[in-house]
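Undergrad: My questions are about this predicted structure, shown below with the sequence.
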Amino acid sequence: MSMLVLMVIVFILGYTAIALEHPLKVDKAASALLLSVALWLIMMFGADQILPGNHFFEEFLKRFPEVKQLPLHEQFHRFIVEHEIVHHLGDTAEILFFLFGAMTIVETVDSHNGFRLITDRIKTTNKVKLLWILSFLTFFMSAALDNLTTTIVMVTLLNKLIKDKKDRWFFASMIVIAANAGGAWSPIGDVTTIMLWIGGQITAWGIIKGIFLVSLVNMLIPLIIVSFFERGHFEVPDKSTLAATLDNTAREQKVVFSLGVGALLSVPVFKTFTHLPPYMGMLLGLSVLWIITDRMHHNDHPDKKRMGMITNILKKVDTPTIFFFLGILTAVAALQSAGLLHMLAGYLDEKLHNIYFIDMAIGLLSSIVDNVPLTAAGMGMYPVHDTLSLAQITDPQALEWAKMFVQDGLFWEFLAYTAGTGGSILIIGSAAGVAAMGLEKIDFIWYLKRMSLLALAGYFGGSLMYYLVK
């Protein structure tokens, strides 16, 4: 059996174990970690079958020609262990530290009852009305922050608003759809749009102008559908059971809430001005919040001081979700290094050769495989054409095709939409979905039955809107 085929089979089995977390009684984080190690083991021991002819391995040898002088097994070792794993670990660590910092900030605000400043102002118990409020709030917040941070904040708010677990699952799922839709039309709203923005495929104003209406349709279609079927009111939790163990003052609530939200909002600003990775901005915000809360509780009673310290709040951070992210991202990284995603991109280009079909296929695949390597594969399929390169094309048909790939061209705009929103179709198809799944323990099968068709309707509705307006 081909080692590449074995990797695909193992990935499917691991993915199935994650999906069947509840029936198997095995935490999805454990399955994801086992999957990631298994794929890299196959890669390591099957390198003689996998790497000859591999696009990334050939590029590696071109960059480091001295490696060619080494025995073949040593070349494979250098590529896998010293290059690919280290490279992917860096990318994965950026996401994990970003997530860890965001979750710690949110937990700190929550422990100081900061979110009561919002939840106490939401008086409605009507399901449909709250659904529209939270969806639009999420849609615009995710464009200003990003879809992952916004989901963490909004799902945390749900615990203060809704008592029933299944109701929270439903609202959290709609938040995931709204967060991914909102992130798709902003240059800083999603990892994929950041990649396209930095890569020069899109501009900030170009993506806002080109995708905003399409993303709005993506959110509105599921929202309108559920508004016809959802009826009644939800039960509000007893406020006394939600109070933090801290006996904090109103001033402390406001200070910590303002600092926490300010830290989150400052991340895209930090990235724009410093050009440093977003996780560093998140860690800067966390450090400022940490220093101020330490000083705030310096003279408090020992019990209150202990409960208000971030060193204690860190224990509440959902560590299994961090491990799940680590496992699923490194598993997908193994598929990418083995060349499977690159092969998939080439296959789509050869068989479809239509920008709408190619982008929509990438979006559908992003519900199964992380959208970051898929977007990277899409970016590697075609060059970004400029005026000079277009002027050199004499064939009218080839010129029309090339125009699709200029900066802010149809291919790149539509790729930003499909890769950003396609992940909503399955709960583990996006960073926002994985975060919601970890925080609320949403069952994969429940999401598949209740939400996938709604997300799919929004995805196709937005795609049709893009085709019509373009």
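TA: Looks like it arrived, so ask away.
Undergrad: what about residue 6, neighbour count?
TA: Each residue near residue 6 was counted by other C-beta atoms under 10 Å, and the total is 16. (Glycine included, C-beta is placed from N, CA and C.)
Undergrad: and it, that one's in a helix?
TA: Yes: according to DSSP: H, G, I helix; E, B strand; the rest coil, residue 6 belongs to a helix.
Undergrad: list the contacts for it?
TA: Counting by C-beta atoms under 8 Å, 6 or more residues apart in numbering, residue 6 touches 42, 46.
Undergrad: Any idea how far apart the tips of stretch 157-172 sit?
TA: 10 Å (C-alpha to C-alpha, to the nearest Å).
Undergrad: Same check on stretch 309-324?
TA: 27 Å.
Undergrad: What lies in contact with that stretch?
TA: Taking C-beta under 8 Å, 6+ apart as the rule, stretch 309-324 contacts 27-29, 32-33, 96, 99-100, 103-104, 107-108, 111, 286, 289-290, 293-294, 297, 306, 434-435, 437-439.
Undergrad: what comes up buried for it?
TA: 309-310, 313, 317-318, 321-324 (16 or more other C-beta atoms under 10 Å).
Undergrad: same thing with stretch 258-277?
TA: For stretch 258-277, by 16+ other C-beta under 10 Å, it's 259-261, 263-264, 266-268, 270-271, 277.
Undergrad: Considering these, which is situated nearest to residue 191?
TA: Using C-beta to C-beta, residue 277 comes nearest to residue 191 of the buried residues of stretch 258-277, at 11.1 Å.
Undergrad: Name the nearest residue to the closest one, ignoring sequence neighbours.
TA: residue 94 (5.2 Å; C-beta to C-beta, 6 or more residues apart in numbering).
Undergrad: Do I have it right that residue 152 meets residue 439?
TA: Yes: contact criterion C-beta atoms under 8 Å: residue 152 and residue 439 qualify, at 7.0 Å.
Undergrad: more neighbours, the two?
TA: residue 152 (26 against 20).
Undergrad: From residue 440, how far off is the more buried one?
TA: 11 Å (C-beta to C-beta, to the nearest Å).
Undergrad: shaky segments in this structure?
TA: 1, 198, 238-248, 300-308, 370, 373, 380-381 (pLDDT under 70).
Undergrad: For residue 3, which residues are in contact?
TA: 42-43, 46, 49-50.
Undergrad: Let me have the buried residues of stretch 258-277 in TSV, adding secondary structure as columns.
TA: Formatted as TSV, the buried residues of stretch 258-277 follow (three-state DSSP):
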residue	secondary structure
259	helix
260	helix
261	helix
263	helix
264	helix
266	helix
267	helix
268	helix
270	helix
271	helix
277	coil
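Undergrad: Looking at those residues, which one is closest to residue 463?
TA: residue 268 (27.0 Å).
Undergrad: Could you find the closest non-adjacent residue to that closest one?
TA: Distances taken as C-beta to C-beta, 6+ apart place residue 188 nearest to residue 268, at 4.3 Å, with adjacent residues excluded.
Undergrad: And the helices in the stretch 1-150 of the chain?
TA: 3-19, 21-24, 28-45, 47-50, 55-63, 72-77, 85-111, 116-119, 127-144, 147-161 (DSSP state H, counting those that start in this stretch).
Undergrad: Among the buried residues of stretch 309-324, which pair sits farthest apart?
TA: Across the buried residues of stretch 309-324 (C-beta to C-beta), the longest gap, 27.0 Å, separates 309 and 324.
Undergrad: Residue 427: which element?
TA: Using DSSP states H and E, residue 427 sits in no helix or strand.
Undergrad: brain fart, residue 347
TA: helix 340-351.
Undergrad: Now do that helix against helix 3-19, angle only.
TA: 100 degrees (axes from the mean of the first three to the mean of the last three C-alpha atoms, to 10 degrees).
Undergrad: How far off centre is the helix or strand that comes right after helix 340-351?
TA: Sequence order places helix 355-365 as the next helix or strand after helix 340-351, per DSSP H and E. From the chain centre to the centre of helix 355-365 is a distance of 18 Å (C-alpha atoms, centre = their mean, to the nearest Å).
Undergrad: now for helix 355-365, which elements pack on it?
TA: On a contact count with 3 or more C-beta pairs under 8 Å, 6 or more residues apart in numbering; DSSP states H and E, helix 355-365 meets helix 340-351, helix 371-381, helix 410-421, helix 452-469.
Undergrad: Using a markdown table, please lay out those together with distance to residue 3 and mean neighbour count.
TA: As requested, the helices and strands packed on helix 355-365 are exported to a markdown table (distance: least, C-beta to C-beta, whole Å; neighbours: other C-beta atoms under 10 Å):
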| stretch | distance to residue 3 | mean neighbour count |
| --- | --- | --- |
| helix 340-351 | 11 | 17 |
| helix 371-381 | 19 | 22 |
| helix 410-421 | 28 | 28 |
| helix 452-469 | 32 | 19 |
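Undergrad: Which one of the ones you listed lies nearest to residue 328?
TA: Nearest of those (C-beta to C-beta): helix 371-381, 11.3 Å.
Undergrad: which residues are contacting stretch 330-348?
TA: So stretch 330-348 is contacted by 4, 7-8, 11, 14, 32, 35-36, 39-40, 42-43, 50, 54-57, 80, 84, 88-89, 91-92, 358, 361-362, 365, 369-370, 372-374, 376-378, 380-381 (C-beta under 8 Å, 6+ apart).
Undergrad: cool, and stretch 117-129?
TA: Stretch 117-129 is contacted from outside by 130, 133, 157, 160-161, 167, 226-227, 230-236, 253-254, 257, using C-beta under 8 Å, 6+ apart.
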